[in-house]
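*Asks:* Structure here, sequence nowhere to be found:
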């Protein structure tokens, strides 16, 4: 270094007002220093107290930017730094240099409570949120965020978050003043990302929620507040401020639907809340089928008869109970395997018989009757167990007489005398009948 570091810091402190009073210049400095992963909060910290610049490389980068934005020769880096020193400064990475101990999942959060199936509420301090951001454990998922934009980099485009810097600054200042309201953040543990099979593990005796190793934690709602927390933490890490955080385990489709509900300020329907409160892996399978399969929009949670004209095809309870009964689902990975298989199964079933499952279907046929799905799930389970190709499904179904007068439907308790639907249907027997069809092949 050509001159004494302490002397340069005195110059910076003496002239810093030229920078801090020019908010446009500050924003431009933040944009430039972001290339070295120097955060907006760190820039603000330096403007408030230049003495924190104790790394020669970081000092060189700030000095250079002060010179570029003011033109003051007092800041000219040529007067302070040798060429090799500036080259070394170009290799600086603020995040890497200032991460004393890398944070990684698993992380436990106490005072957590279930609010639905694989949906929990917990408390996180702004310090904890800031540390998650700093260690890149909070992911901005472009598939589920409402705000993103494309920018051109050389000969290609990249996705980048849309950030309202004014809003972030206002929220940061409110945190620092202790005036930000305790609002809720929403994070989503992306399915199939954990190294252990299940992204969330909950101890209901100790009320501890664990985000497991390898999990990708996406920001569902509150990206700007997370940025504000990071900036506030870098300025003052000792404040007392907490967020209520919803941690979910939604699929991408469900996460997108959550965003739609947020944008419309639409509450979760009561029936949906009941489903989310389910405590079986079968409920998770139905959740996936409802959002991404041929059954999308056709599974009803309403009590009573199905509304065929509205597109209802099967009730939630019939589907979930049958899956729970017919498939041996022990861990979360089984959920994904079974749901993937059933998605293909219903593609073949409904795709091969579109008229029979349409809104204008013949209601005299039992093929699309609600409780018949207990049989289809039994059939699917048997075909999977015996490694029978789904291309055989059409032939199996075509051999079945779905007419109400077929005596087999009385044998399985589906029909009573004179072709009327029984009020004491045993769904297990329907499933067993369909399983035997596979054994007979």
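*Replies:* Here it is on my side, so go on. Everything quoted here is computed from the prediction, not taken from an experiment.
*Asks:* just checking, next helix/strand downstream of the lowest-mean-pLDDT helix or strand in the chain?
*Replies:* Least confident helix or strand of the chain, by mean pLDDT, DSSP states H and E, is helix 270-276 with a mean of 41. Downstream of helix 270-276, the first helix or strand assigned by DSSP states H and E is helix 281-291.
*Asks:* mind checking the SS state of the spatially most central residue of the chain?
*Replies:* Centrality entry for the chain: nearest residue to the mean C-alpha point is residue 188, 3.2 Å, by C-alpha atoms, centre = their mean. The local conformation at residue 188, judged by DSSP: H, G, I helix; E, B strand; the rest coil, is strand.
*Asks:* what bridges to it?
*Replies:* With DSSP bridges as the criterion, residue 188 is bridged to residue 218, residue 248.
*Asks:* Touching, it and residue 250? I think so.
*Replies:* Yes: under the criterion of C-beta atoms under 8 Å, residue 188 makes contact with residue 250 at 5.2 Å. Bear in mind the C-beta positions are built from the backbone N, C-alpha and C, glycine included.
*Asks:* so what pLDDT did residue 3 get?
*Replies:* Per-residue confidence (pLDDT) for residue 3: 67.
*Asks:* excluding its backbone neighbours, what's nearest residue 171?
*Replies:* residue 228 (3.7 Å; C-beta to C-beta, 6 or more residues apart in numbering).
*Asks:* For the one you found, which residues are in contact?
*Replies:* By C-beta atoms under 8 Å, 6 or more residues apart in numbering, the contact set of residue 228 is 168, 169, 171, 172, 174, 175, 180.
*Asks:* hmm, 6 Å instead?
*Replies:* Applying C-beta atoms under 6 Å, 6 or more residues apart in numbering to residue 228 gives the contacts 168, 171, 172.
*Asks:* do residue 20 as well
*Replies:* residue 47.
*Asks:* Could you tell me how far it is located from residue 309?
*Replies:* 66 Å (C-beta to C-beta, to the nearest Å).
*Asks:* Same check on residue 390?
*Replies:* 30 Å.
*Asks:* Where does the prediction get shaky in this protein?
*Replies:* Counting by pLDDT under 70, the chain shows low-confidence ranges at 1-3, 99-102, 145-160, 260, 262-279, 302-304, 440-441.
*Asks:* In terms of residue numbering, what are the domains of it?
*Replies:* Listed by automatic domain parsing, the domain ranges of the chain are 5-97, 107-264, 278-439.
*Asks:* Now do the shortest one: distance to the chain's middle.
*Replies:* Spelled out, that is domain 5-97. Offset of domain 5-97 from its chain centre (C-alpha atoms, centre = their mean, to the nearest Å): 37 Å.
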